[in-house]
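*Asks:* Return atomic coordinates for the entry below.
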Amino acid sequence: MANKKSTVRPAKSARQALSKVAAKAGARFKAHRQLSPHRSFRLTRHTEVPHYKPIPSWWRLAGRTVRLLWRMRQIVGALLLIYIVINWVLIGLTTVKNFESFKQLADSLIIDFFGGLQELFLLAGTAVTSVNDQTVATQVMVGIIGLLFWLGYIWLARHAIADKRTTLRETLYLSGTSLVPTALVFLLGAMQTLPGLMGVTALAAVMQGGWEDGTMAMASMFVVLAALLILLSVYFLVSTFVALQIVALPGMYPWRALQDARVIIAGRRFSVMRKVLILPVLALFWWLVTIVPALLLDNIICADVDGGSCWSTPLFLPTLNFLVSALLIAFVSVYAYLLYRSLLETRDT
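*Replies:* Numbering: from 1, shown residues only. Just a heads-up that it's a prediction; the model follows:
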């Protein structure tokens with residue numbers, strides 16, 4: 001009898017545990033549907049959505065972000081220095097080869113602006129992040145460090161808005177407590193980019209093959225399909241982007257953060273989308289006005305050096321690249337947090 005009980009009880013306990021988990025998940029889903037009038041892929045009636053005050057424009061949010069960063073300039077400056085040192089230790093030397101290639105492309109901008117600019121954009125990701133020259137472990141470490149600094153700037157912004165004093169030590173030690181939930185939400189956002197990546201890949205493959213082999217209708221179909229897939233990814237990423245700010249709060253869980261983000265942006269998704277999509281444009285502009293002139297200056301300094309590489313290429317250019325990346329992380333994280341705060345302040349309760 002003892003053997004029979006030992007074989008039956010674990011099965012019953014497993015079924016009971018699964019049923020309890022399913023019941024809790026169903027209860028949370030029903031509660032979320034009662035709180036949020038929005039339904040995915042279905043137009044929500046204006047009578048079902050509360051009326052909100054307009055969200056500040058992107059340039060107002062950008063101005064508030066710059067002022068808030070300047071207000072916290074001492075701790076922000078220390079974080080920038082720490083970020084540059086860590087990146088130099090991890091990937092400093094691997095960026096030299098990429099920057100030497102970029103210097104040649106910078107020269108081509110003067111001769112053929114549009115052609116050189118196209119090649120420059122194609123290599124932008126690998127040259128700035130040095131993905132091709134990094135091991136998988138190094139890439140993971142760089143990603144974790146980026147998330148930690150993301151949380152650190154959100155920690156600073158939250159304390160500055162609440163008029164609470166904090167220190168560099170508290171920022172480094174306490175802001176990373178939400179690393180695991182933030183990483184899970186970030187991984188979900190990476191998965192949500194897959195439809196857009198598939199659309200871009202399919203469109204690039206068709207364009208590489210040439211339009212002469214197919215009809216104009218076929219080409220238009222691929223363009224429309226790629227646009228729809230990109231729009232689908234952006235549609236999902238908006239709420240995930242807001243959830244990255246919510247999950248950084250102490251004691252917050254990823255699923256709860258995603259639910260709260262959907263409730264907050266209900267009826268305002270496209271307004272938030274416009275303010276999120278401006279970030280890649282600002283990042284690209286900031287990178288062009290800093291890195292490209294530095295590449296041209298390096299070519300002038302190293303004009304008489306064989307191979308075009310001298311002291312400025314392995315020292316000045318990677319340091320400037322890390323500084324630009326650190327400033328982008330600081331700006332985007334604080335901008336995102338201020339956007340989240342504006343959603344809360346303009347929400348009718």
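
*Asks:* Look at residue 290 and give its secondary structure.
*Replies:* Of the three states, residue 290 takes helix under DSSP: H, G, I helix; E, B strand; the rest coil.

*Asks:* my bad, should have said residue 250
*Replies:* With three-state DSSP as the criterion, residue 250 reads coil.

*Asks:* which residues does residue 228 contact?
*Replies:* For residue 228, the contact set (C-beta atoms under 8 Å, 6 or more residues apart in numbering) comprises residue 199. Every C-beta, even on glycine, is put in place using the N, C-alpha and C of the backbone.

*Asks:* what helix or strand does residue 279 sit in?
*Replies:* If you go by DSSP states H and E, residue 279 is part of helix 269-301.

*Asks:* and that helix, what's its mean pLDDT?
*Replies:* Mean pLDDT, helix 269-301: 84.

*Asks:* Now do the following helix or strand past it: which elements does it pack against?
*Replies:* Per DSSP H and E, the first helix or strand lying C-terminal to helix 269-301 is helix 312-345. Secondary-structure packing of helix 312-345 (3 or more C-beta pairs under 8 Å, 6 or more residues apart in numbering; DSSP states H and E): helix 58-71, helix 73-91, helix 96-111, helix 136-161, helix 216-246, helix 254-264, helix 269-301.

*Asks:* Now do the helix holding residue 279: which elements does it pack against?
*Replies:* Using 3+ C-beta pairs under 8 Å, 6+ apart: helix 269-301 touches helix 58-71, helix 96-111, helix 124-129, helix 216-246, helix 312-345.

*Asks:* Only the buried residues of the longest one, if you could.
*Replies:* Okay, so that is helix 312-345. For helix 312-345, the neighbour count (16 or more other C-beta atoms under 10 Å) marks 312-314, 316-343 as buried.

*Asks:* Give me the average confidence score over it.
*Replies:* The average of the pLDDT scores along helix 312-345 is 88.

*Asks:* Next, the angle from it to helix 136-161.
*Replies:* Comparing the axes of helix 312-345 and helix 136-161 via axes from the mean of the first three to the mean of the last three C-alpha atoms, to 10 degrees yields an angle of 50 degrees.

*Asks:* Grab the nearest non-local neighbour of residue 158.
*Replies:* Closest residue to residue 158 apart from its sequence neighbours, by C-beta to C-beta, 6 or more residues apart in numbering: residue 337 at 6.9 Å.

*Asks:* Any chance of a markdown table for the helices and strands packed on helix 269-301, columns distance to residue 289?
*Replies:* Converted to a markdown table, the helices and strands packed on helix 269-301 look like this (distance: least, C-beta to C-beta, whole Å):
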| stretch | distance to residue 289 |
| --- | --- |
| helix 58-71 | 15 |
| helix 96-111 | 13 |
| helix 124-129 | 14 |
| helix 216-246 | 25 |
| helix 312-345 | 10 |
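
*Asks:* among those helices, which is nearest residue 144?
*Replies:* For residue 144, the closest of the helices and strands packed on helix 269-301 is helix 312-345, at 13.0 Å, according to C-beta to C-beta.

*Asks:* got the contact list for the helix or strand where residue 198 lies?
*Replies:* Using DSSP H and E, residue 198 sits within helix 194-209. Residues from elsewhere that reach helix 194-209, judged by C-beta under 8 Å, 6+ apart: 214, 219, 222-223, 225-230, 232-234.

*Asks:* With pLDDT added, can I get these in TSV?
*Replies:* What follows is the contacts of helix 194-209, written out as TSV (pLDDT from 0 to 100):
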residue	pLDDT
214	53
219	70
222	79
223	83
225	88
226	88
227	89
228	91
229	92
230	91
232	91
233	93
234	92
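
*Asks:* now the residues you listed: which count as buried?
*Replies:* With neighbours counted by 16+ other C-beta under 10 Å, the contacts of helix 194-209 contain buried members at 222, 226, 229, 230, 232, 233, 234.

*Asks:* what's near enough to touch the last one?
*Replies:* So the one you mean is residue 234. So residue 234 contacts 196, 273, 277 (C-beta under 8 Å, 6+ apart).
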